[in-house]
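> Output the structure for:
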Amino acid sequence: MNMKKVWAVYFSATGTTKKIVENIAESIADTLGTEYEFYVFTLPRGREKALRFHKDNIVVFGTPVYAGRVPNVLLKYLDTIQGNDAIAVPVVLYGNRDYDDGLIELRDILEKGGLHTIGAAAFIGEHSFSYILAEGRPDEEDLKKAKEFAAKIAEKIKGISDITALQPIDVKGIPHPYRGYYQPRDRKGTPVDIRKVKPLTNDDCIKCLICADLCPMGSISRDNVKEFTGICIKCGACIKKCPVQAKYYEDEGYLYHKRELEEGLTRRAEPEWFV
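Numbering: from 1, shown residues only. Model (predicted):
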């Protein structure tokens, strides 16, 4: 097929999704000799206009997986997608636990928006709660596999003659209605609810406002970074990007869940793809 542009489109609070999606999109563009462009909707201003594509576009579309699903705070925005028969490659990043129904959900969102999914992948990124769970991932081995996946996608695109005849790519997961969001539990089986938990700020804070600038929900007050004006999605951006490590959690349930993940998920999860 004669495709004119490859897009890397993503939400990436800490940079893990960005790293993989851009790698895949650039590799496809290089192989096919097409134009490459990216669009980031991590910050509120990036979600002010609808996403519109053209039928000669290839869209590598990435989101993280939160609690086994596409982040629910993005669903309203993703419902504005206008695909116009473009080709799409949904990609999710998860923190070494599982992607559950996140990939099939993202596939369905893109198909509903008028894109045709021809491949999909789930990669691993350092967990937003932790510095040791999937530490440093995606790493060089992950990036090597991303290029391998991109090569398979590029080869498949070359063989497509009729975009409208394409069927949604078959991926792992339970079709709609999807499973509920992953619910952490303590060792007695009691649910651990961290939805309203927010990070605190210690006295090392230098008021640089980086945390306020990076918050995907725009919820950290620029007048007082210790205050939240909206929800916290536990994306990890304010903690991992703080130059003086001034942001932290002390909620008992959050710390229990973090420790449980770190102690229980020491195996190296590997990327999975579907072409």
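
> care to break the chain down by domain?
5-175, 200-248 (automatic domain parsing).

> which of the ones you listed is buried the deepest?
domain 5-175 (a mean of 20; mean count of other Cβ atoms under 10 Å). (C-beta placed from N, C-alpha, C; glycine too.)

> my guess is residue 36 meets residue 26, correct?
Yes: between residue 36 and residue 26 there is a contact at 5.7 Å, judged by Cβ atoms under 8 Å.

> so what sits against both of the two?
Taking Cβ atoms under 8 Å, 6 or more residues apart in numbering as the criterion, residue 36 and residue 26 both touch 6, 8.

> returning to what we had before: can you tell which of the domains of the chain is closest to residue 274?
Across those, residue 274 has its closest neighbour in domain 5-175 (4.8 Å, Cβ to Cβ).

> ok now that closest one, how far from the chain's centre?
8 Å (Cα atoms, centre = their mean, to the nearest Å).

> so for that domain, what's the average pLDDT?
Averaging pLDDT along domain 5-175 yields 97.

> Out of the domains of the chain, which is closest to residue 272?
Nearest to residue 272 among the domains of the chain is domain 5-175; the distance by Cβ to Cβ comes to 5.0 Å.

> contacting residues for residue 9?
21, 38-41, 51, 59-62.

> Could you dump those into CSV and include distance to residue 32 and secondary structure?
Listed next are the contacts of residue 9 as CSV, based on distance: Cβ to Cβ, whole Å; DSSP: H, G, I helix; E, B strand; the rest coil:
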residue, distance to residue 32, secondary structure
21, 17, helix
38, 16, strand
39, 19, strand
40, 22, strand
41, 24, coil
51, 21, coil
59, 14, strand
60, 12, strand
61, 17, strand
62, 19, strand
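
> Tell me which stretches of the stretch 1-150 of the chain form helices.
All helices of the stretch 1-150 of the chain, identified by DSSP state H, counting those that start in this stretch, fall at 16-32, 75-78, 102-112, 140-158.

> isn't residue 158 right up against residue 2?
No: contact criterion Cβ under 8 Å: residue 158 and residue 2 do not qualify, at 10.3 Å.

> still on that earlier bit, closest to residue 183 out of the domains of the chain?
Residue 183 sits nearest to domain 5-175 of all the domains of the chain, at 7.7 Å, using Cβ to Cβ.

> For residue 73, state which of the contacts of residue 9 is nearest.
Using Cβ to Cβ, the contacts of residue 9 come closest to residue 73 at residue 41, 11.4 Å.

> where's the closest one relative to residue 54, distance?
18 Å (Cβ to Cβ, to the nearest Å).

> Let's have the helices of the stretch 1-150 of the chain in TSV, adding distance to residue 168.
Below are those laid out as TSV (distance: least, Cβ to Cβ, whole Å):
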stretch	distance to residue 168
helix 16-32	19
helix 75-78	16
helix 102-112	5
helix 140-158	14
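
> Next, the contact list for residue 47, please.
41, 74, 77.

> can you rerun that using 7 Å?
Contacts for residue 47 (Cβ atoms under 7 Å, 6 or more residues apart in numbering) come out as 41, 77.
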